[in-house]
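Enquirer: fold the stuff below for me.
(one chain, ligands or ions: 1)
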Amino acid sequence: MEPAIFSERADQIHRVGEQPFRMACNRESLAGAVSQRACVFCGSRVVLYPIADALHLVHGPIGCAAYTWDIRGALSSGPELHRLSFSTDLQETDVIFGGEKKLYRALVELIDRHHPEAAFVYSTCIVGIIGDDLEGICKKVSREKGLPVIPVQSEGFKGNKRAGYHAACQAIFRLVGTGSTEGISPHSLNILGDFNLAGEIWIIRDYFKRMGLEVVANITGDGRVGDLQRAHGAALNVVQCSGATMDLAKMMQQKYGIPFIRVSYFGVEDMAESLYNVARFFKEPGIMTRTREVVREELISLYPQLQKYRKALSGKKAAIYVGGAFKAFSLVKAFRLLGMQVVLVGSQTGTEEDYRELEEITDDGTIIVDDSNPLELTSFLKEKKVDIFVGGVKERPIAYKLGVGFCDHNHERKEPLEGFIGMLYFAREVYNTVMSPVWRFLPRRSASH
Ligand code: SF4
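Expert: Predicted coordinates:
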């Protein structure tokens, strides 16, 4: 079938092996194309809100606050203030006369009631338009209440989701460096860009512990304000999630001289390579020995269990559409490990460099797409006759309407997919979905069934 592509978006789609590589990306979404992207505010909220002992107040109309804990299940091992979604609920009169007084009253009331370690105040579209002095109110409340009250300049219209990540990094950076670094081990690191969905950060922290390393701060899954304040005492920043926290890592490198490395905790190859890269950084034979031991122990139990799934899934086709492109690299490799072929891969916020790398690791005929929309994705899924689509909350209905299996690789999922054990859960989920007898009763018929 003919793919449904808007002519203005033609240069944001690439077919591997059929044309020389050239991808336009990181541009504003096409008006009217109903992009899968969320707004700037949403981007900032994704990054910041897993800080569990902070107050998160959305300054705006109530609709913006729909991004609650319920659709972003970052778990906490302690306080759970992040699960409450607070909003100043701006109304017409506030739009006319300004929302500053309302914001002040809301902050004071919430701080008195919940005693948070810090407060983040998110600016939404309407606040950007009416021009409330967020910075001024936050400073005033911070002085009066004696805790950090940090404005997050995340007006929804300001750019794409990436701008929200940047606003979040700037907000966190205001906390970093304000605490004591006493007693931090020279073999220490911060975990950046992990949101502790279904407890994933606890799996990763366990690996680092077994390697003999100290984790100073989780940024931001299961995060604590006190840890963020002393995060500048760590020897290394380990950055997962390409878009979300890279800016913070660069800021910390510039100001505090902390180097960073990019990692991925998803899939066997990338998980092992990430641990080895961290071990190499510390140049300690003991750490490397323990790392080898961790990887060996994990793989011994994992590989035999994967075989059953690989046997059943070999030759099946997968499509991937995720927020950050870095996650897509790991997914391509994970599907390959299961004997499956990736026929479509795209992201909301990838860079040209990301897409070039995707082109290198995918097979001829694979469609690579930037900032896609439901119309395009639907036509690609039909054209490629995929067996499973991997994405987030906004991609799920596209798959189900077409009678295609779906795997949630986003913030709403309830099972960890990171780490070696996560690969097993992923394989099991893909297997259960792709092989489900339910597809026999739906209109789509993949030739591979
Ligand atoms: S900040 Fe703007 S774009 Fe984002 S949810 Fe609110 S109104 Fe919508």
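
Enquirer: avg pLDDT for stretch 176-191?
Expert: Taken as a whole, stretch 176-191 has a mean pLDDT of 97.

Enquirer: hey, C-alpha coordinates of it in PDB?
Expert: Extracted C-alpha coordinates of stretch 176-191, given in PDB (Å, rounded to 0.1, in the frame of the first residue of the first chain):
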ATOM      1  CA  VAL A 176      23.500  20.300  42.600                       C
ATOM      2  CA  GLY A 177      26.400  21.700  44.500                       C
ATOM      3  CA  THR A 178      24.400  22.900  47.500                       C
ATOM      4  CA  GLY A 179      25.200  20.000  49.800                       C
ATOM      5  CA  SER A 180      28.200  18.500  51.500                       C
ATOM      6  CA  THR A 181      30.400  15.900  49.700                       C
ATOM      7  CA  GLU A 182      32.000  14.600  52.800                       C
ATOM      8  CA  GLY A 183      32.600  10.900  52.900                       C
ATOM      9  CA  ILE A 184      31.900  10.100  49.300                       C
ATOM     10  CA  SER A 185      34.100   7.300  47.900                       C
ATOM     11  CA  PRO A 186      36.500   7.900  45.000                       C
ATOM     12  CA  HIS A 187      34.700   4.900  43.400                       C
ATOM     13  CA  SER A 188      31.400   6.600  43.100                       C
ATOM     14  CA  LEU A 189      28.900   7.600  40.400                       C
ATOM     15  CA  ASN A 190      25.500   9.200  39.800                       C
ATOM     16  CA  ILE A 191      22.900   7.400  37.800                       C
END
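
Enquirer: now do the helices in the stretch 51-200 of the chain.
Expert: 92-97, 100-114, 125-130, 134-145, 161-175, 200-211 (DSSP state H, counting those that start in this stretch).

Enquirer: right, and residue 386 touches residue 344 too?
Expert: Yes - shown here, residue 386 and residue 344 form a contact pair, counting by CB atoms under 8 Å, at 6.9 Å. In short, each C-beta sits where N, CA and C put it, glycine included.

Enquirer: what does this protein have sitting close to the ligand?
Expert: 39, 41, 60, 64, 124, 125, 156 (CB under 6 Å from any ligand atom).

Enquirer: let's go with 8 Å and repeat that
Expert: Residues of the chain lying near the ligand by CB under 8 Å from any ligand atom: 38-42, 60-61, 63-64, 66-67, 124-126, 154-157.

Enquirer: show the buried residues in those.
Expert: Among those, those buried by neighbour count (16 or more other CB atoms under 10 Å) are 38-42, 60-61, 64, 67, 124-126, 154-156.

Enquirer: what's the closest of the residues you listed to residue 228?
Expert: Closest approach between those and residue 228, by CB to CB: residue 154, at 18.0 Å.

Enquirer: in contact with that closest one: list those residues for me.
Expert: 40, 41, 43, 44, 45, 122, 123, 124, 163, 164, 167, 168 (CB atoms under 8 Å, 6 or more residues apart in numbering).

Enquirer: and residue 189, by the same measure?
Expert: Contacts of residue 189 (CB under 8 Å, 6+ apart): 208, 213, 214, 215, 216, 234, 235, 236, 237, 238, 278.

Enquirer: the first one: how many residues sit nearby?
Expert: Put plainly, it is residue 208. 22 (other CB atoms under 10 Å).

Enquirer: and if you look at residue 32?
Expert: When neighbours are counted by other CB under 10 Å, residue 32 comes out with 8.

Enquirer: so what pLDDT did it get?
Expert: If you check residue 32, the pLDDT there is 81.

Enquirer: same check on the one 3 residues further on?
Expert: Taken from the predicted model, the pLDDT recorded for residue 35 is 85.

Enquirer: surely it is in contact with residue 374?
Expert: No - using CB under 8 Å, residue 35 makes no contact with residue 374, being 9.3 Å away.

Enquirer: now do the strands in the stretch 201-350 of the chain.
Expert: 214-220, 236-239, 260-262, 317-322, 341-347 (DSSP state E, counting those that start in this stretch).

Enquirer: how about the third one: buried residues?
Expert: The reference is to strand 260-262. 260, 262.

Enquirer: got it, and the first one?
Expert: With burial defined by 16+ other CB under 10 Å, the residues of strand 214-220 counted as buried are 215, 216, 217, 218, 219, 220.

Enquirer: which elements pack onto the longest helix seen in the chain?
Expert: In the chain, taking DSSP state H as the definition, the longest helix is helix 285-313. If you count contacts as 3 or more CB pairs under 8 Å, 6 or more residues apart in numbering; DSSP states H and E, helix 285-313 packs onto helix 200-211, helix 268-282, helix 419-434.
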